[in-house]
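Visitor: Here's a sequence, model it:
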Amino acid sequence: MPRYIIERNFAEQLNVSEDDKIHIKEINDEVGVEWIFSFLSADKRKTYCLYEAPDEESLRKAAERLNIPADVITPVDRIDPAIFA
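Guide: Next up, the predicted model:
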């Protein structure tokens, strides 16, 4: 399945509760996307999230339903540093 990085900018610091995580997973499952992991900036106002999804529209649909931004969506491929050794 294709992978994407989503850059999200939040007006306030992001704090995700366990209930939030459960709700995110439920919505993602409904639209067919999988949240793999995220990086959170030091000021907790920006995230870079890696997802597997059938397409960008699925990611936008999930973000809209969760009422969270999806400012930049970039298709990505994995490069293993071991190939350069």
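
Visitor: Secondary structure element holding the most centrally placed residue in the chain?
Guide: Central residue of the chain (C-alpha atoms, centre = their mean): residue 49, 3.5 Å from the mean position. Using DSSP states H and E, the element containing residue 49 is strand 46-52.

Visitor: Can you give the contact residues for that strand?
Guide: Outside strand 46-52, the residues within contact range by C-beta atoms under 8 Å, 6 or more residues apart in numbering are 1-10, 14, 33-41, 59, 76. Every C-beta, even on glycine, is put in place using the N, C-alpha and C of the backbone.

Visitor: Over to stretch 72-85?
Guide: So stretch 72-85 is contacted by 2-7, 50, 56, 59-60 (C-beta under 8 Å, 6+ apart).

Visitor: now the residues you listed: which count as buried?
Guide: Buried members of those, counted by 16 or more other C-beta atoms under 10 Å: 4, 6, 50, 56, 59.

Visitor: tell me which element the second one is part of?
Guide: For residue 6, the host element (DSSP H and E) is strand 3-9.
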